[in-house]
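A.B. asks: give me a 3D structure for the following:
(2 chains)
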Amino acid sequence: RKEVEQDPGPFNVPEGATVAFNCTYSNSASQSFFWYRQDCRKEPKLLMSVYSSGNEDGRFTAQLNRASQYISLLIRDSKLSDSATYLCAVNWASGYSTLTFGKGTMLLVSP
Amino acid sequence: GAVVSQHPSWVICKSGTSVKIECRSLDFQATTMFWYRQFPKQSLMLMATSNEGSKATYEQGVEKDKFLINHASLTLSTLTVTSAHPEDSSFYICSAALKDRVKGYTFGSGTRLTVV
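C.D. replies: This next block holds a predicted model:
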(Lines give C-alpha, C1' and ligand atoms only; values in the text may rest on other atoms or scores of the structure.)
Protein backbone atom coordinates (compact mmCIF):
# COMPACT_ATOMS: atom_id res chain seq x y z
CA ARG A 1 0.00 0.00 0.00
CA LYS A 2 1.31 3.40 -0.94
CA GLU A 3 1.11 5.76 1.99
CA VAL A 4 2.38 9.15 2.97
CA GLU A 5 2.39 10.01 6.66
CA GLN A 6 2.71 13.35 8.39
CA ASP A 7 2.40 14.60 11.94
CA PRO A 8 -0.95 16.43 11.90
CA GLY A 9 0.12 19.01 14.44
CA PRO A 10 -0.85 21.72 14.98
CA PHE A 11 2.53 23.24 15.53
CA ASN A 12 2.17 26.46 17.49
CA VAL A 13 5.27 28.64 17.25
CA PRO A 14 6.07 32.30 17.89
CA GLU A 15 7.17 34.63 15.14
CA GLY A 16 10.82 34.20 14.32
CA ALA A 17 10.97 30.57 15.37
CA THR A 18 12.38 27.75 13.29
CA VAL A 19 10.07 24.83 12.68
CA ALA A 20 10.60 21.51 10.94
CA PHE A 21 8.11 19.08 9.44
CA ASN A 22 8.78 15.50 8.51
CA CYS A 23 6.96 13.24 6.12
CA THR A 24 7.48 9.53 5.58
CA TYR A 25 6.53 7.53 2.52
CA SER A 26 6.05 3.81 2.15
CA ASN A 27 7.20 3.11 -1.40
CA SER A 28 10.96 3.03 -1.81
CA ALA A 29 10.59 3.40 -5.57
CA SER A 30 9.01 6.84 -5.25
CA GLN A 31 10.22 9.25 -7.88
CA SER A 32 9.27 12.84 -7.11
CA PHE A 33 8.60 14.72 -3.93
CA PHE A 34 6.90 18.02 -3.23
CA TRP A 35 5.86 20.29 -0.41
CA TYR A 36 2.58 22.16 -0.84
CA ARG A 37 1.00 24.83 1.25
CA GLN A 38 -2.75 24.87 1.70
CA ASP A 39 -4.67 27.72 3.28
CA CYS A 40 -8.07 27.11 4.78
CA ARG A 41 -10.67 26.31 2.13
CA LYS A 42 -8.20 26.89 -0.68
CA GLU A 43 -6.40 24.71 -3.17
CA PRO A 44 -2.85 23.54 -2.43
CA LYS A 45 -0.08 25.68 -3.84
CA LEU A 46 3.36 24.35 -4.61
CA LEU A 47 5.90 25.50 -2.09
CA MET A 48 8.87 23.62 -3.46
CA SER A 49 9.97 20.44 -5.13
CA VAL A 50 12.37 18.31 -3.14
CA TYR A 51 15.61 17.23 -4.75
CA SER A 52 17.91 14.43 -3.73
CA SER A 53 20.64 16.87 -2.85
CA GLY A 54 18.30 19.03 -0.81
CA ASN A 55 17.27 22.51 -1.83
CA GLU A 56 16.67 25.90 -0.32
CA ASP A 57 14.38 28.74 -1.25
CA GLY A 58 14.75 31.73 1.01
CA ARG A 59 13.60 30.73 4.49
CA PHE A 60 12.52 27.28 3.34
CA THR A 61 14.79 24.24 3.11
CA ALA A 62 13.69 20.84 1.88
CA GLN A 63 15.60 17.62 2.32
CA LEU A 64 15.15 14.09 1.06
CA ASN A 65 16.43 10.97 2.77
CA ARG A 66 15.84 8.05 0.46
CA ALA A 67 17.43 5.50 2.76
CA SER A 68 15.01 6.32 5.56
CA GLN A 69 12.19 7.24 3.18
CA TYR A 70 11.37 10.65 4.53
CA ILE A 71 11.37 14.23 3.40
CA SER A 72 11.58 17.27 5.58
CA LEU A 73 10.73 20.94 5.41
CA LEU A 74 12.48 23.52 7.55
CA ILE A 75 11.07 27.01 7.93
CA ARG A 76 13.35 29.61 9.45
CA ASP A 77 12.33 32.96 10.91
CA SER A 78 8.63 32.09 10.86
CA LYS A 79 6.21 34.81 9.79
CA LEU A 80 2.56 35.16 10.70
CA SER A 81 1.78 34.61 7.03
CA ASP A 82 3.37 31.16 7.21
CA SER A 83 0.33 29.92 9.15
CA ALA A 84 -1.20 27.25 6.93
CA THR A 85 -1.31 23.51 6.44
CA TYR A 86 1.76 21.99 4.82
CA LEU A 87 1.21 18.92 2.69
CA CYS A 88 3.88 16.62 1.44
CA ALA A 89 3.19 14.82 -1.81
CA VAL A 90 4.84 11.91 -3.53
CA ASN A 91 4.75 10.76 -7.11
CA TRP A 92 5.24 7.01 -7.26
CA ALA A 93 6.10 6.71 -10.93
CA SER A 94 8.43 8.38 -13.39
CA GLY A 95 5.64 9.53 -15.68
CA TYR A 96 2.81 11.89 -14.98
CA SER A 97 1.06 9.73 -12.50
CA THR A 98 -0.98 11.05 -9.67
CA LEU A 99 0.36 12.58 -6.52
CA THR A 100 -0.32 10.96 -3.19
CA PHE A 101 -0.69 13.47 -0.40
CA GLY A 102 -0.13 13.29 3.30
CA LYS A 103 -2.87 14.61 5.57
CA GLY A 104 -0.91 17.75 6.16
CA THR A 105 0.67 19.44 9.15
CA MET A 106 -0.96 22.58 10.45
CA LEU A 107 1.32 25.46 11.43
CA LEU A 108 0.12 28.35 13.56
CA VAL A 109 2.54 31.26 13.95
CA SER A 110 1.63 33.67 16.69
CA PRO A 111 2.84 37.23 17.40
CA GLY B 1 1.19 30.58 -16.84
CA ALA B 2 -0.21 27.04 -16.49
CA VAL B 3 -3.50 28.05 -14.90
CA VAL B 4 -6.43 25.73 -14.34
CA SER B 5 -9.71 27.55 -13.89
CA GLN B 6 -12.28 25.67 -11.83
CA HIS B 7 -15.97 26.55 -11.54
CA PRO B 8 -18.05 26.92 -9.55
CA SER B 9 -16.05 27.79 -6.47
CA TRP B 10 -18.92 26.79 -4.24
CA VAL B 11 -22.35 25.28 -4.72
CA ILE B 12 -25.23 24.32 -2.49
CA CYS B 13 -27.69 21.84 -3.91
CA LYS B 14 -30.60 19.76 -2.77
CA SER B 15 -30.27 16.07 -2.12
CA GLY B 16 -30.97 14.05 -5.26
CA THR B 17 -29.87 16.69 -7.74
CA SER B 18 -26.76 16.66 -9.93
CA VAL B 19 -23.90 19.12 -9.91
CA LYS B 20 -21.34 19.70 -12.64
CA ILE B 21 -17.87 21.00 -11.90
CA GLU B 22 -15.68 22.31 -14.71
CA CYS B 23 -11.94 22.61 -14.98
CA ARG B 24 -10.38 24.44 -17.88
CA SER B 25 -6.70 24.74 -18.64
CA LEU B 26 -6.31 28.33 -19.79
CA ASP B 27 -2.89 28.48 -21.38
CA PHE B 28 -1.80 24.92 -21.89
CA GLN B 29 -3.19 21.59 -22.97
CA ALA B 30 -4.03 19.20 -20.18
CA THR B 31 -3.82 15.70 -21.56
CA THR B 32 -4.37 14.26 -18.12
CA MET B 33 -6.51 15.69 -15.36
CA PHE B 34 -6.72 14.36 -11.84
CA TRP B 35 -9.79 14.79 -9.65
CA TYR B 36 -9.42 14.90 -5.88
CA ARG B 37 -11.80 15.13 -2.98
CA GLN B 38 -10.93 16.51 0.44
CA PHE B 39 -13.04 16.14 3.56
CA PRO B 40 -12.44 18.46 6.54
CA LYS B 41 -9.08 17.86 8.21
CA GLN B 42 -8.32 15.08 5.76
CA SER B 43 -5.88 14.72 2.92
CA LEU B 44 -6.64 15.15 -0.74
CA MET B 45 -7.83 11.77 -1.94
CA LEU B 46 -7.60 10.91 -5.60
CA MET B 47 -10.96 10.02 -7.07
CA ALA B 48 -10.10 9.46 -10.71
CA THR B 49 -7.68 10.18 -13.51
CA SER B 50 -9.05 11.36 -16.80
CA ASN B 51 -7.26 11.35 -20.12
CA GLU B 52 -8.47 13.38 -23.05
CA GLY B 53 -10.61 11.33 -25.36
CA SER B 54 -10.77 8.20 -23.24
CA LYS B 55 -12.61 6.85 -20.23
CA ALA B 56 -11.54 7.93 -16.80
CA THR B 57 -9.77 5.57 -14.44
CA TYR B 58 -11.43 5.51 -11.05
CA GLU B 59 -9.81 4.75 -7.72
CA GLN B 60 -11.06 1.87 -5.67
CA GLY B 61 -14.22 2.74 -3.81
CA VAL B 62 -15.22 5.61 -6.11
CA GLU B 63 -18.47 4.94 -7.96
CA LYS B 64 -18.00 5.72 -11.63
CA ASP B 65 -21.74 5.95 -12.22
CA LYS B 66 -22.09 8.53 -9.48
CA PHE B 67 -19.07 10.65 -10.34
CA LEU B 68 -19.16 11.12 -14.08
CA ILE B 69 -15.99 12.47 -15.63
CA ASN B 70 -15.76 13.82 -19.13
CA HIS B 71 -12.53 14.96 -20.73
CA ALA B 72 -13.64 15.66 -24.27
CA SER B 73 -10.99 18.22 -25.10
CA LEU B 74 -7.45 19.09 -24.13
CA THR B 75 -8.64 22.15 -22.25
CA LEU B 76 -11.77 20.97 -20.47
CA SER B 77 -12.54 18.26 -17.98
CA THR B 78 -15.79 18.01 -16.05
CA LEU B 79 -16.91 16.11 -12.98
CA THR B 80 -20.63 15.58 -12.46
CA VAL B 81 -21.84 14.44 -9.09
CA THR B 82 -25.11 12.68 -9.85
CA SER B 83 -27.93 12.26 -7.35
CA ALA B 84 -25.93 14.07 -4.73
CA HIS B 85 -26.40 13.22 -1.06
CA PRO B 86 -25.20 15.01 2.07
CA GLU B 87 -22.27 12.61 2.41
CA ASP B 88 -20.99 13.90 -0.95
CA SER B 89 -20.48 17.32 0.62
CA SER B 90 -16.78 17.95 0.25
CA PHE B 91 -14.08 20.04 -1.40
CA TYR B 92 -13.43 18.87 -4.96
CA ILE B 93 -10.22 19.88 -6.72
CA CYS B 94 -8.87 19.17 -10.18
CA SER B 95 -5.20 19.03 -11.06
CA ALA B 96 -3.17 18.81 -14.23
CA ALA B 97 0.38 17.65 -14.69
CA LEU B 98 2.81 20.22 -16.08
CA LYS B 99 5.58 19.67 -18.59
CA ASP B 100 7.87 21.49 -16.20
CA ARG B 101 8.74 18.62 -13.89
CA VAL B 102 10.05 21.01 -11.28
CA LYS B 103 6.66 22.62 -10.90
CA GLY B 104 4.96 19.27 -11.08
CA TYR B 105 1.27 19.90 -11.06
CA THR B 106 -1.16 22.80 -11.11
CA PHE B 107 -4.45 22.83 -9.25
CA GLY B 108 -7.82 24.39 -9.81
CA SER B 109 -9.10 26.62 -7.03
CA GLY B 110 -11.49 23.94 -5.81
CA THR B 111 -15.25 23.61 -5.51
CA ARG B 112 -16.90 23.42 -2.14
CA LEU B 113 -20.04 21.32 -2.51
CA THR B 114 -22.71 21.32 0.16
CA VAL B 115 -25.66 19.00 -0.28
CA VAL B 116 -28.68 19.77 1.89
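A.B. asks: could you measure from the nearest residue to B:V19 once chain neighbours are set aside over to B:T106?
C.D. replies: Closest residue to B:V19 apart from its sequence neighbours, by C-beta to C-beta, 6 or more residues apart in numbering or on different chains: B:V81 at 4.8 Å. In short, each C-beta sits where N, CA and C put it, glycine included. Look at B:V81 and B:T106: by C-beta to C-beta, to the nearest Å, they are 23 Å apart.
A.B. asks: those two: which is more packed in?
C.D. replies: Neighbour totals were compared for B:V81 and B:T106, and B:V81 leads with 24 against 21 (other C-beta atoms under 10 Å in any protein chain shown).
A.B. asks: poorly predicted segments of chain B, please.
C.D. replies: B:1, B:101-103 (pLDDT under 70).
A.B. asks: of all the residues in it, which one is nearest chain A?
C.D. replies: For chain B, the residue closest to chain A is B:A97, as judged by C-beta to the nearest C-beta, at 3.7 Å.
A.B. asks: please name the bridge partners of that residue.
C.D. replies: Residues in a beta bridge with B:A97, per DSSP bridges, are B:Y105.
A.B. asks: do the same with B:M33
C.D. replies: Beta bridges link B:M33 to B:S50, B:A96 when assigned by DSSP bridges.
A.B. asks: okay, it and A:A20: tell me how far apart.
C.D. replies: For B:M33, the distance to A:A20 equals 34 Å [C-beta to C-beta].
A.B. asks: next one: A:L80
C.D. replies: Taking C-beta to C-beta as the measure, A:L80 and A:A20 are separated by 19 Å.
A.B. asks: what ranges do the strands span in chain A?
C.D. replies: A:4-6, A:11-14, A:19-25, A:32-38, A:45-50, A:55-57, A:60-65, A:70-75, A:84-91, A:99-101, A:105-110 (DSSP state E).
A.B. asks: list the buried residues in stretch A:90-110.
C.D. replies: For stretch A:90-110, burial by neighbour count (16 or more other C-beta atoms under 10 Å in any protein chain shown) applies to A:90-92, A:96-107, A:109.
A.B. asks: what's the answer for stretch B:82-101, then?
C.D. replies: Quick answer for stretch B:82-101 (16+ other C-beta under 10 Å): B:A84, B:D88, B:S89, B:S90, B:F91, B:Y92, B:I93, B:C94, B:S95, B:A96, B:A97, B:L98.
A.B. asks: again, but for stretch A:51-65
C.D. replies: A:F60, A:T61, A:A62, A:Q63, A:L64.
A.B. asks: now those residues as CSV including pLDDT and distance to B:S77?
C.D. replies: Converted to CSV, the buried residues of stretch A:51-65 look like this (pLDDT from 0 to 100; distance: C-beta to C-beta, whole Å):
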residue, pLDDT, distance to B:S77
A:F60, 97, 31
A:T61, 97, 35
A:A62, 96, 30
A:Q63, 95, 35
A:L64, 94, 31
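A.B. asks: hmm, B:H71 is touching B:A48, no?
C.D. replies: No - using C-beta atoms under 8 Å, B:H71 is not in contact with B:A48, being 9.9 Å away.
A.B. asks: between these two, which contacts overlap?
C.D. replies: Shared contacts of B:H71 and B:A48 (C-beta atoms under 8 Å, 6 or more residues apart in numbering or on different chains): B:A56.
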